[in-house]
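Colleague: kindly return the folded structure for what I paste below:
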Amino acid sequence: MQTSSRNRAFRPRGRRLLAKMVPDSAGRMYHLVTLQSLISVFQNRSRYFFVQPELYLCTPIKVDPSKSYFIIGFEPNATMETAHHMLLYGCTAPGSKKAVWNCGEMAKHDDTMETSSPCAKGSQSRVDPTSTCYGPMDQSSVVITMCYTVESISYISWSMHPMNTQYVDKALDSVTNGTGRRINNLHSVQPCLQVIYAWARDAPPLALPEGVGFQVGGKSPIQYLVLQVHYAVIDKFEDGSTDNSGIFLHYTERPLSKLAGVILLGTGGAIPPKKTEHMDTMCRIKEKKTIHPFAYRTHTHSLGKVVSGYKVRANDGDIDDWTLLGKRDPLTPQMFYPVMNNDTIETGDMLAARCTMESNRDDWTMIGATNKDEMCNFYLMYWVDKTTPLEMKYCFTPGPPYYSWKTEQQLNNIPDKSASILDD
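Modeller: Predicted structure coming up:
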């Protein structure tokens, strides 16, 4: 692996192991996972898969269940010229038993490639990607697509034609509270996938604070790590070239009391043509835990101008105090940056995020997985002391035109202007 001076300066504590690569019967390369160690690099080397643009590939490793490991650093081995983004998921079981599979929600189902979600079951689980909630017969049906597994854990999209908002509200009520369960009993929806790490746009390595780590293996619900790589463009593979994009994981077997977690804030919705749109989300922390935020990451596609995230707490006069956690131009390197304020987040506090989108397009832009679509994501990485991370892994709202901070009755004193512009 060739490293830049930026990568050479990365010196987290812990070990870094290289996966041993062996060919299968078809001559394709995959990683060899042993029970003696946590393999810490993922590589995709199969020409067979590079058949269409907007391709998502997943590959798993099984973590030794007899030991607990604590991931303390992430070192990407990729460039934005090859990979649009990479996500590392924590799973109880992988979505497929194959060494490599197609794991994009926009994937074409055919006989040449198995298609499945990154994770299969458990607290980080696979969800049927489509579920439909029907209103009265004289109303349009409401199609709610949940738990897409690309860059957003559980963003929600639906058609733009008129619909019965009463049924939208019912269907979304418990989806947006972080549990992932539906209340209309038409479909059973389990909790969604857990993101451990995300990379895009040549982001540099990430070292966690001293004494903080993501627990995997042992008694953790994370028994598998699944890497997802999004190849938006495949032109460079048409001549038979292969790829070794992946992530080196730095870890320790020394028990850590400060366990890391990630909560992902995002929205569904649509952006009108030739306009600026705000995509807002908010949720309340209900678990009795003290959260120590230490890093944040923003993500949009090409229309994103500003992404901001806040802790919101009502003062004695019931006026909301908005504490800025992070704000970025999402088209700069999409790395995890130190939070702008590391005050603790307590039970009853709210988390809020906004993506300011600016469209010069002639058509509506929907939330979706491809480059022609958009996304609105604010990741917050945190640690908790002597307890488990939040059960709530995500915080999503329907987005425009159905939801905004201004329509949220729980919010006041909204920093409408400062949340939407970059600081000088």
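
Colleague: low pLDDT regions in the stretch 101-250 of the chain?
Modeller: Applying pLDDT under 70 to the stretch 101-250 of the chain flags residues 104-114, 121-193, 237.

Colleague: three-state assignment of residue 312?
Modeller: Per DSSP: H, G, I helix; E, B strand; the rest coil, the local secondary structure of residue 312 is strand.

Colleague: what's the pLDDT at it?
Modeller: pLDDT, residue 312: 98.

Colleague: that one reaches residue 349, doesn't it?
Modeller: Yes: the criterion here is Cβ atoms under 8 Å, and residue 312 meets it with residue 349 at 6.7 Å. C-beta: built from backbone N, CA, C; applies to glycine.

Colleague: ok, now how distant is residue 268 from residue 103?
Modeller: Going from residue 268 to residue 103 by Cβ to Cβ, to the nearest Å gives 21 Å.

Colleague: swap that for residue 67, please
Modeller: On the measure of Cβ to Cβ, residue 67 and residue 103 end up 27 Å apart.

Colleague: which one's more surrounded, these two?
Modeller: Each of residue 67 and residue 103 has its neighbours counted (other Cβ atoms under 10 Å); residue 103 has more, 29 against 14.

Colleague: and the more buried one, how far from residue 245?
Modeller: 15 Å.

Colleague: make sure residue 406 is indeed in a helix.
Modeller: Yes: judged by three-state DSSP, residue 406 forms part of a helix.

Colleague: which parts of the stretch 301-424 of the chain are strands?
Modeller: Using DSSP state E, counting those that start in this stretch, the strands of the stretch 301-424 of the chain run over residues 304-314, 320-328, 337-338, 350-358, 365-366, 377-385, 394-397.

Colleague: using TSV, lay out those strands together with mean neighbour count and distance to residue 234.
Modeller: Shown next, in TSV, are the strands of the stretch 301-424 of the chain (neighbours: other Cβ atoms under 10 Å; distance: least, Cβ to Cβ, whole Å):
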stretch	mean neighbour count	distance to residue 234
strand 304-314	22	24
strand 320-328	19	29
strand 337-338	14	30
strand 350-358	25	27
strand 365-366	18	23
strand 377-385	24	24
strand 394-397	28	30
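
Colleague: nearest to residue 59, out of those?
Modeller: When the strands of the stretch 301-424 of the chain are compared by Cβ to Cβ, strand 377-385 sits nearest residue 59, at 22.0 Å.

Colleague: parallel or antiparallel, list what pairs with the closest one.
Modeller: Next to strand 377-385 in the sheet, as set by DSSP bridges, lie strand 258-267 (antiparallel), strand 292-299 (antiparallel).

Colleague: for residue 229, find the nearest of those.
Modeller: Residue 229 lies closest, by Cβ to Cβ, to one member of the strands paired with strand 377-385: strand 292-299, at 15.3 Å.

Colleague: hey, C-alpha coordinates of the closest one in CSV?
Modeller: Output of strand 292-299 as CSV, limited to C-alpha atoms (Å, rounded to 0.1, in the frame of the first residue of the first chain):
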residue,chain,number,x,y,z
HIS,A,292,-19.8,12.7,25.0
PRO,A,293,-19.6,13.9,21.4
PHE,A,294,-16.2,14.1,19.9
ALA,A,295,-16.4,14.0,16.0
TYR,A,296,-18.9,14.8,13.3
ARG,A,297,-19.1,14.2,9.5
THR,A,298,-21.3,15.7,6.8
HIS,A,299,-22.5,14.2,3.6
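
Colleague: specify the residue ranges that define each domain of the chain.
Modeller: The chain breaks down into these domains under automatic domain parsing: 5-125+193-252, 262-407.

Colleague: now do the same end-to-end measure for the last one.
Modeller: The separation between the terminal residues of domain 262-407, taken as Cα to Cα, to the nearest Å, is 27 Å.

Colleague: same question, stretch 389-398
Modeller: 25 Å.

Colleague: same thing with stretch 311-320?
Modeller: Span of stretch 311-320 from end to end, Cα to Cα: 10 Å.

Colleague: burial of residue 213, as a residue count?
Modeller: Here the number of neighbours of residue 213 (other Cβ under 10 Å) works out to 26.
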